[in-house]
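Undergrad: would you be able to build a 3D model of this:
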Amino acid sequence: IDVQQNDRDAIRYSAMAGTIPTTVAGYLWPGVSIDQMGLFAEYSKDIDQASRYSAGLRVDQIDASTSKADLDPPGMSPTANQLYTTYYGVTAQPHDETNVSALLRYEHDMTQAVTWYTVLSRTARTADATERYMASYNSVADKRWVGNPNLDPEVHQQLEVGSSVKGQQYRLQASVYYDDVNDYILRDRAHAQPGILLNDNATIYRNVSARLYGAEAQLDYKWSAKWSSVFSVSYVHATNTTDSRPIAQIPPLEGSASLEYSEAGWMLGGRLRAVDKQTRVDDDINTGSGLDVGQTPGFAVLDVYGYNKFGKAAEVSYGVNNVLDKTYAEHLNKSNAFDVTQVQVNEPGRAYWVKASVNF
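TA: Predicted coordinates for the structure are as follows:
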């Protein structure tokens with residue numbers, strides 16, 4: 001059993017230039033309280049020497065409320081409830097919901113070296129404080145950011161199939177999954193969609209249907225007693241099926257390969273990470289969410305690293321990241337908790353690092 005209490009309170013202040021900001025301009029998180037009590041249980045059992053299963057069940061009771069949704073800031077700014085009413089036709093009433101999640105996993109050893117598994121799961125997620133209660137007003141509509149007190153919980157229904165293969169020199173792990181999502185909580189722009197009353201490009205939240213699928217694999221390979229490698233690849237595809245458009249902020253196809261040489265007491269290695277371009281984007285606030293800055297070109301980055309051990313207790317690690325000083329940006333933007341503007345920032349250039357550790 002676990003209990004969480006999440007209280008969020010954020011006040012925006014304003015002032016004339018050169019003076020201390022003391023005038024309340026808005027209640028961004030208007031005294032938000034989200035309490036959650038969860039009960040979780042899991043059961044595992046061997047069917048025979050080669051097969052086993054596990055089952056899990058989780059029930060969460062959620063209570064959400066605000067204490068400042070009706071507080072009226074001085075000046076022209078509306079209350080949080082007035083914002084909610086303007087965009088959704090509702091006010092922030094005390095809200096409670098009971099969410100049920102479940103999991104069933106089956107494993108089977110085909111041989112001593114090969115195991116496969118399948119997982120069926122249902123996962124429910126309640127809206128967080130920002131999604132449900134953000135109340136950021138601006139006289140310019142497309143700079144407003146308004147949570148939706150009427151959001152339903154997001155429910156994922158997922159099937160995953162995977163396998164693990166072990167050999168004398170290698171271990172391969174691979175999996176694929178399909179995720180059908182009811183009431184996906186989408187951060188979007190106001191385009192007079194069902195349940196949205198205005199068409200002014202303000203940032204809003206709404207429930208949509210979504211579909212995600214993907215795959216990942218990793219191969220650990222030992223070339224000899226001293227040489228080893230790790231190869232990995234991952235991919236995810238996500239679609240807002242209600243509007244037939246890509247979901248924003250989804251990473252593209254990515255892979256990596258490393259080569260390491262180790263002796264007693266030290267190791268040297270290198271890793272090449274390659275990322276494909278991302279063209280499935282939602283980058284236009286006039287037609288979608290605009291959460292993607294745009295399409296992102298692919299890139300490849302080389303890192304080198306190593307360590308030396310001194311006795312049993314001391315170790316010094318070191319490395320050079322982005323050895324070739326490549327200019328690149330990850331597709332995922334760094335988000336700002338109180339600013340709707342999306343910014344994509346280049347990653348650091350060549351970076352040197354050293355870390356020392358001692359165990360007592």
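Undergrad: what's the single longest helix in the protein?
TA: The residue-count maximum for a helix in the chain (DSSP state H) belongs to helix 80-88.
Undergrad: so after that helix, what's the next helix or strand?
TA: Where DSSP states H and E defines the elements, the next helix or strand beyond helix 80-88 is strand 95-109.
Undergrad: just confirm residue 7 contacts residue 33, I think it does.
TA: Yes - using C-beta atoms under 8 Å, residue 7 is in contact with residue 33, at 5.3 Å. C-betas here are computed from N, CA, C, even on glycine.
Undergrad: which other helices and strands does the longest helix of the chain contact?
TA: Contact here means 3 or more C-beta pairs under 8 Å, 6 or more residues apart in numbering; DSSP states H and E; on that basis helix 80-88 packs against strand 135-136, strand 145-146.
Undergrad: one more time with 7 Å, if that's ok
TA: strand 145-146 (3 or more C-beta pairs under 7 Å, 6 or more residues apart in numbering; DSSP states H and E).
Undergrad: buried set for the next helix or strand after the strand it packs on?
TA: Downstream of strand 145-146, the first helix or strand assigned by DSSP H and E is strand 154-166. Of the residues in strand 154-166, 154, 155, 156, 158, 160, 162, 163, 164, 165 count as buried by neighbour count, 16 or more other C-beta atoms under 10 Å.
Undergrad: which residues touch the last one?
TA: When contacts are counted by C-beta atoms under 7 Å, 6 or more residues apart in numbering, residue 165 is found next to 113, 114, 172.
Undergrad: list only buried entries from those.
TA: The buried subset of the contacts of residue 165 (16+ other C-beta under 10 Å) comprises residue 172.
Undergrad: closest to residue 343 out of the contacts of residue 165?
TA: residue 172 (39.0 Å; C-beta to C-beta).
Undergrad: for whichever strand or helix holds that closest one, output the C-alpha coordinates as CSV.
TA: Secondary structure assignment for residue 172, by DSSP H and E: strand 170-189. Extracted in CSV, the C-alpha atoms of strand 170-189 (Å, rounded to 0.1, in the frame of the first residue of the first chain):
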residue,chain,number,x,y,z
TYR,A,170,26.5,-13.6,-26.3
ARG,A,171,23.1,-12.6,-24.9
LEU,A,172,20.3,-11.3,-27.1
GLN,A,173,17.2,-9.6,-25.7
ALA,A,174,14.4,-8.4,-28.0
SER,A,175,10.8,-7.3,-27.6
VAL,A,176,7.9,-5.7,-29.5
TYR,A,177,4.8,-4.1,-28.1
TYR,A,178,1.5,-2.7,-29.1
ASP,A,179,-0.3,-0.1,-26.9
ASP,A,180,-3.9,0.9,-27.5
VAL,A,181,-4.8,4.0,-25.4
ASN,A,182,-8.2,5.2,-24.3
ASP,A,183,-8.5,8.8,-23.2
TYR,A,184,-4.8,9.7,-23.9
ILE,A,185,-4.2,13.0,-22.2
LEU,A,186,-3.1,15.2,-25.0
ARG,A,187,-1.5,18.6,-24.6
ASP,A,188,-3.0,20.5,-27.6
ARG,A,189,-4.1,23.9,-28.9
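Undergrad: give me the sheet partners of that strand and which way each runs.
TA: strand 154-166 (antiparallel), strand 203-222 (antiparallel) (DSSP bridges).
Undergrad: now the shortest one against strand 95-109, angle please.
TA: Between strand 154-166 and strand 95-109, the angle comes out at 20 degrees (axes from the mean of the first three to the mean of the last three C-alpha atoms, to 10 degrees).
Undergrad: excluding chain neighbours, what is closest to residue 284?
TA: residue 290 (5.9 Å; C-beta to C-beta, 6 or more residues apart in numbering).
Undergrad: ok so residue 306 is a strand residue?
TA: Yes - under DSSP: H, G, I helix; E, B strand; the rest coil, residue 306 sits within a strand.
Undergrad: isn't it right up against residue 270?
TA: No - in this structure residue 306 lies outside contact range of residue 270 using C-beta atoms under 7 Å: 9.4 Å.
Undergrad: show me what contacts residue 242?
TA: Here residue 242 is in contact with 208, 209 (C-beta under 7 Å, 6+ apart).
Undergrad: look up how far residue 299 lies from the closest residue to residue 147 other than its chain neighbours.
TA: Among residues not flanking residue 147 along the chain, residue 134 sits closest, at 3.9 Å (C-beta to C-beta, 6+ apart). Distance of residue 134 to residue 299, computed by C-beta to C-beta, to the nearest Å: 33 Å.
Undergrad: quick check, the residue nearest to residue 284 in a helix?
TA: No - applying three-state DSSP, one finds residue 290 to be coil, outside a helix.
Undergrad: specify which member of the contacts of residue 165 is nearest to residue 54.
TA: Looking across those and measuring by C-beta to C-beta, the closest to residue 54 is residue 114, at 19.7 Å.
Undergrad: could you check the pLDDT of the closest one?
TA: What the model reports as pLDDT for residue 114 is 98.
Undergrad: format the strands paired with strand 170-189 as a markdown table; extra columns: mean pLDDT and distance to residue 64.
TA: Shown next, in a markdown table, are the strands paired with strand 170-189 (pLDDT from 0 to 100; distance: least, C-beta to C-beta, whole Å):
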| stretch | mean pLDDT | distance to residue 64 |
| --- | --- | --- |
| strand 154-166 | 98 | 14 |
| strand 203-222 | 98 | 14 |
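Undergrad: scan the protein for its longest strand.
TA: strand 23-46 (DSSP state E).
Undergrad: immediately after it, which helix or strand?
TA: strand 51-66.
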